[in-house]
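Novice: Next comes the sequence, and after it the predicted model I'd like to discuss.
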Amino acid sequence: MKSQQPFTSAKSYVPPHSPFDPCPPIGRKYYSTPPNLYLGFQPSDLPQFSPADALRKGTLWKVFYDYYDNPYRKGAGKSRD
Amino acid sequence: MWTYEKKLQYPVKVSTCNPTLAKYLMEQYGGADGELAAALRYMNQRYTIPGKVIGLLNDIATEEFAHLEMIATMIYKLTKDATPQQLRDAGLAEHYVSHDSALFYNNAAGVPFTAAYIQAKGDPIADLYEDIAAEEKARATYQWIIDMSDDPDLNDSLRFLREREVVHSQRFREAVEILKDERDQKKVF
Amino acid sequence: MTKPLPKEYYKQLEEIQTADFVVMELMLYLDTHPTDQQAIGQYNQFSQYSKQLKRAFESQFGPLQQGSLNPSQTDWAWSESPWPWQV
């Protein structure tokens, strides 16, 4: 996700952990809040990817691009491009 | 009618021989929020929805069939050369004794597909909200599969499919806006 | 072992997938924005471009679509070229 977006495309929370829960606490739980939740009716003339990039990323319009990676893996969450 | 094109919507590459991933992918093949359920859901709802959004349901349904073919290709590639022992190690012994390496419309837990997964209320708003929810559920399922998979090439294709759910959800949300629009409406009450 | 397909097959196929993806995206967009003239222009442009690419591909690698011309008088080319899950 481009940083100039007025929203973040993932959120997190800390689930409660009781001393009687058998597994060590996972820490944060993550969930996606992708761009389609924020845009409303798409305005015309939004910036597009090049055709080749559009196919690679799965969207023609930059505003919808939302790279996903396993948030529980170390070093995850960074787009490779 | 439909015509067939001898190509996938997006190139599918699989880099590791890992039949366990095929088992997970079955969730998107014959599962409740999978591509078959999506395609059949929209294709069936289009008959009883206002004309302004029939095209959208028709076209998204068509794209979902292309996604079904991508998922099938992944499962096929991940299982075609696997030995019975490899399939057993992957938790696919029960699949093997019934189907060999044939694909089948069941979910990751082996539960066969059922039409009960598909909703059609006949109420345009109820159906479109159902469709939005279906897209978000499919998006979440792709996330959980990506979390479980360490095959970079497969994840690349799965990220494409996840992104398509984001765009489809956007379009269904726009369809709701179109149907609730007040312009050109005579008062009915 | 079946003989591997030339690199050119994958390259041209991906060009077609790229053009068709733009067409599909604009199609869904136009389904909810039916009066966006710029999008209609872009749709037509890529639709035409895709047809050109497919014609070039088919002349080298055989029919891509049901209803495409069969290049040979004697052999049914449709079932000779590989299926999408085989490449």
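Specialist: In hand now; what should we look at?

Novice: so where do the helices sit in chain B?
Specialist: Counting by DSSP state H, chain B has these helices, from start to end: B:19-30, B:35-45, B:51-79, B:84-89, B:93-99, B:124-148, B:152-180.

Novice: Nearest to chain A, out of the ones you listed?
Specialist: helix B:152-180 (3.0 Å; Cβ to the nearest Cβ). Every residue, glycine included, has its C-beta placed from N, CA and C.

Novice: As a markdown table, the helices of chain B with mean pLDDT would be great.
Specialist: Output for the helices of chain B, formatted as a markdown table (pLDDT from 0 to 100):
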| stretch | mean pLDDT |
| --- | --- |
| helix B:19-30 | 98 |
| helix B:35-45 | 98 |
| helix B:51-79 | 98 |
| helix B:84-89 | 96 |
| helix B:93-99 | 96 |
| helix B:124-148 | 98 |
| helix B:152-180 | 98 |
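
Novice: Run through the residues that contact residue 20.
Specialist: I went with chain A, as the question did not name one. Applying Cβ atoms under 8 Å, 6 or more residues apart in numbering or on different chains to A:F20 gives no contacts.

Novice: Please refer instead to chain B.
Specialist: B:T20 sits next to B:D89, B:A90, B:G91 when contact means Cβ under 8 Å, 6+ apart.

Novice: In JSON lines: those, plus distance to C:R55.
Specialist: Shown next, in JSON lines, are those (distance: Cβ to Cβ, whole Å):
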{"residue": "B:D89", "distance to C:R55": "47"}
{"residue": "B:A90", "distance to C:R55": "43"}
{"residue": "B:G91", "distance to C:R55": "46"}
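
Novice: Tell me the most packed of those, by neighbour count.
Specialist: Among these, the one with the most neighbours (other Cβ atoms under 10 Å in any protein chain shown) is B:A90, at 20 neighbours.

Novice: Now for B:K77: which residues touch it?
Specialist: Counted by Cβ under 8 Å, 6+ apart, B:K77 has contacts B:V12, B:V14, C:W85.

Novice: same thing but at 6 Å, please
Specialist: B:V14 (Cβ atoms under 6 Å, 6 or more residues apart in numbering or on different chains).

Novice: what do you get for A:K57?
Specialist: A:Y65.

Novice: same question, B:Q9
Specialist: Neighbours of B:Q9 in contact, by Cβ under 6 Å, 6+ apart: B:A66.

Novice: 7 Å instead?
Specialist: The contact partners of B:Q9, by Cβ atoms under 7 Å, 6 or more residues apart in numbering or on different chains, come to B:A66, B:M70, C:Q17.

Novice: The residues you listed also near chain A: which ones?
Specialist: Filtering the contacts of B:Q9 for proximity to chain A (criterion: Cβ under 7 Å from any Cβ of the partner chain) leaves C:Q17.

Novice: Save the contacts of B:Q9 as CSV, and put in neighbour count and distance to B:A102 too.
Specialist: CSV is the format used below for these (neighbours: other Cβ atoms under 10 Å in any protein chain shown; distance: Cβ to Cβ, whole Å):
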residue, neighbour count, distance to B:A102
B:A66, 19, 21
B:M70, 23, 18
C:Q17, 19, 27
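
Novice: count of neighbours near residue 30?
Specialist: No chain in the question, so chain A it is. Using other Cβ under 10 Å, A:Y30 has 17 neighbouring residues.

Novice: you looked at the wrong chain, it should be chain C
Specialist: With other Cβ under 10 Å as criterion, C:L30 counts 18.
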